[in-house]
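Asker: Task: produce atomic coordinates for the following.
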Amino acid sequence: MVAWSSLRFNCGQEIANRFVVAPLTTDSSHEDGTAPDNELEFVQRRAANGFGAVISSAAYVEYDGRSWQGIGAAHDGHLSSLHRLADAMRAAGSLAILQIYDGGRIARPELTGERGLRAPSAVASLRPGAKTPRAMTSDEIAKLIASFGEAASLARKAGFDGVEIHGANHYAVHQFFSPRANHRVDDWGGTISKRMNFALAVAQAVRDALGPKLIAGFRVTPFESEADGYTLEDAKLLCNELAKLDLDYISVSLDDYRKSKPMRETRVYDGSGEESYTPAESPITEFARVIAGRCAVMASGGIKTCMDAEAAIDMGADLVAVGRAVVVDPEWLSKVRSKSEASILAGLPKDEREIANALSIPPRMVEYLLSRPGWIPRL
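Answerer: Next up, the predicted model:
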């Protein structure tokens, strides 16, 4: 089976198999952005199954861009914590990849500094109760790009094998590309080529900071379901440009790889609401066609079995990121490898008190998961 074969990235590093632990928000770090022991235990237990790579929860690159209480990669004070995290992610020889992000207009207002929410434009998110951000200045944009590069440098110093830029799920990099969020008329917005500029500048800054021998990835939402959002054709143009920057993979962020469903900005997970746009062909296939082997393609969303992984690979993916399945069952990959899929846990325990202890999930993460109805099933 292809899923168990190795793959060599452009940078020369080799991944032992095609299974990757997806970036999973824990909302469980210390206030200073360092990871506590229970967060490291959550990562290490899942990494111990022998995934080809493990991608961290998203680390903020600037304090004003925090969307939850997560890990930081914003200054040297985070270096020791990042080093411990990289070690935990390598529990069974996995490659350790640090995801980095900025929240932009969906940062949590109580976590931002005195100047408050900042984003490409003064346009509020569609999330209920969202506050209107202020438009970033050109100097702030340049500083944020530099912060992504500095976070990548910290990852290299901490011993990570690579970095993934979170350019998906309506966070800042996504916002700059979105015509719904970006109403600028300068070099950072207006035409589609100018809306690409921020993502491309961040990708180049990260590639430069990592050097040629570490993995550089980029996660992208393939289209926006919301009215007046960018389309799959728009995203293909972006991915074509990203693939020119010597990246090692582009990750297609979907809530369900079978249905071509990306995350909606409202974060409604119960299936309600109408989507205004759905492409005729799978974004995975479309991206693979455009990228044309210049870097690997990673699929995500609803990977529950080895058959799912192979189906995503048949669509054109080279790698598969497994998220909710490993939250629910920390030993998921071991059971898949031993052909014991019938024993895979199908949902979180009904008793909330059992979730943290039985599954090594930090208590704050349990609260976070249960606050998103419909995203993860309960037994």
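Asker: Quick check: which element contains Arg115?
Answerer: In this structure, Arg115 sits in neither a helix nor a strand according to DSSP states H and E.
Asker: ok, now how distant is it from Pro109?
Answerer: When distances are taken as C-beta to C-beta, to the nearest Å, Arg115 and Pro109 turn out to be 11 Å apart. Every residue, glycine included, has its C-beta placed from N, CA and C.
Asker: what stretches of the stretch 251-379 of the chain score poorly on pLDDT?
Answerer: In the prediction, the stretch 251-379 of the chain carries residues with pLDDT under 70 at positions 268-277.
Asker: show me where it has strands.
Answerer: Ranges of strands within the stretch 251-379 of the chain are 296-300, 319-322, based on DSSP state E, counting those that start in this stretch.
Asker: ok, now the stretch 51-200 of the chain?
Answerer: So, for the stretch 51-200 of the chain - with DSSP E, counting those that start in this stretch - the strands run 53-55, 59-60, 95-101, 118-119, 134-135, 162-167.
Asker: Packing partners of the third one?
Answerer: What that stands for is strand 95-101. Strand 95-101 sits against strand 53-55, strand 59-60, helix 79-89, helix 138-157, strand 162-167, strand 215-220, with contacts defined as 3 or more C-beta pairs under 8 Å, 6 or more residues apart in numbering; DSSP states H and E.
Asker: could you redo those as TSV and give each row mean neighbour count and mean pLDDT?
Answerer: Compiled in TSV, the helices and strands packed on strand 95-101 are given as follows (neighbours: other C-beta atoms under 10 Å; pLDDT from 0 to 100):
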stretch	mean neighbour count	mean pLDDT
strand 53-55	29	98
strand 59-60	27	98
helix 79-89	21	98
helix 138-157	19	98
strand 162-167	28	98
strand 215-220	27	98
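Asker: Confirm for me that Gln204 is in contact with Asp246.
Answerer: No. Counting by C-beta atoms under 8 Å, Gln204 stays clear of Asp246, with 9.3 Å between them.
Asker: which of the two has more neighbours?
Answerer: Just comparing Gln204 and Asp246: by other C-beta atoms under 10 Å the higher neighbour count belongs to Gln204, 18 against 15.
Asker: In the helix or strand encompassing the more buried one, which residues are buried?
Answerer: Taking DSSP H and E as the definition, Gln204 sits inside helix 192-210. Residues 194-207, 209-210 are the ones in helix 192-210 that count as buried (16 or more other C-beta atoms under 10 Å).
Asker: Of these, which pair is most distant in space?
Answerer: Taking C-beta to C-beta as the measure, the buried residues of helix 192-210 reach their widest spread between Lys194 and Leu210, a distance of 25.8 Å.
Asker: What is the burial count for Pro363?
Answerer: Counted with other C-beta under 10 Å, the burial measure for Pro363 works out to 14 neighbours.
Asker: what does the one 5 residues further on give?
Answerer: Tyr368 has 17 neighbours, counted by other C-beta under 10 Å.
Asker: The spatially closest residue to it that is not a sequence neighbour and Leu40: what is the separation?
Answerer: Taking C-beta to C-beta, 6 or more residues apart in numbering as the measure, Tyr368 lies nearest to Asp27, with 4.1 Å between them; neighbours along the chain are not counted. Applying C-beta to C-beta, the value for Asp27 to Leu40 is 15 Å.
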